[in-house]
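Trainee: I'll drop the sequence and a predicted model, then ask my questions.
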Amino acid sequence: MTLTFAPLLAFGLAGTGALRLYMLSGDKRRLPAFPCSLLPYLVGGWLVLGLAVAAAMPQLRRRVSEGLARS
């Protein structure tokens, strides 16, 4: 039995996305004190910013992919 890379990548990305959504949604009943209560929103903003940069700059995405392929 041979596995191709595309389904494994798709399942890995889907699982990672689901885990991130679960972690960001969290349990809203037990929020910590003020500065720490902003952390999920900061992480969510950081993820959205990273996706926006990756979508807006294909040449950067290509360079990162080439660098990861070399290592």
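Mentor: Done, it's in.

Trainee: where exactly do the helices run in this protein?
Mentor: If DSSP state H is used as the criterion, the helices of the chain fall at 5-25, 34-37, 39-56, 58-70.

Trainee: I'd like the ones you listed laid out as JSON lines, including mean pLDDT and mean neighbour count.
Mentor: Yep, even glycine has a C-beta here, placed from its N, CA and C like the rest. Rendered in JSON lines, the data for the helices of the chain read as follows (pLDDT from 0 to 100; neighbours: other C-beta atoms under 10 Å):
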{"stretch": "helix 5-25", "mean pLDDT": "78", "mean neighbour count": "10"}
{"stretch": "helix 34-37", "mean pLDDT": "80", "mean neighbour count": "8"}
{"stretch": "helix 39-56", "mean pLDDT": "85", "mean neighbour count": "11"}
{"stretch": "helix 58-70", "mean pLDDT": "84", "mean neighbour count": "9"}
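
Trainee: measure residue 60 to residue 52 for me?
Mentor: 12 Å (C-beta to C-beta, to the nearest Å).

Trainee: Please enumerate the shared neighbours of these two.
Mentor: Counting by C-beta atoms under 8 Å, 6 or more residues apart in numbering, residue 60 and residue 52 have no shared contacts at all.

Trainee: Distance check, residue 51 against residue 18.
Mentor: With C-beta to C-beta as the criterion, residue 51 and residue 18 are 16 Å apart.
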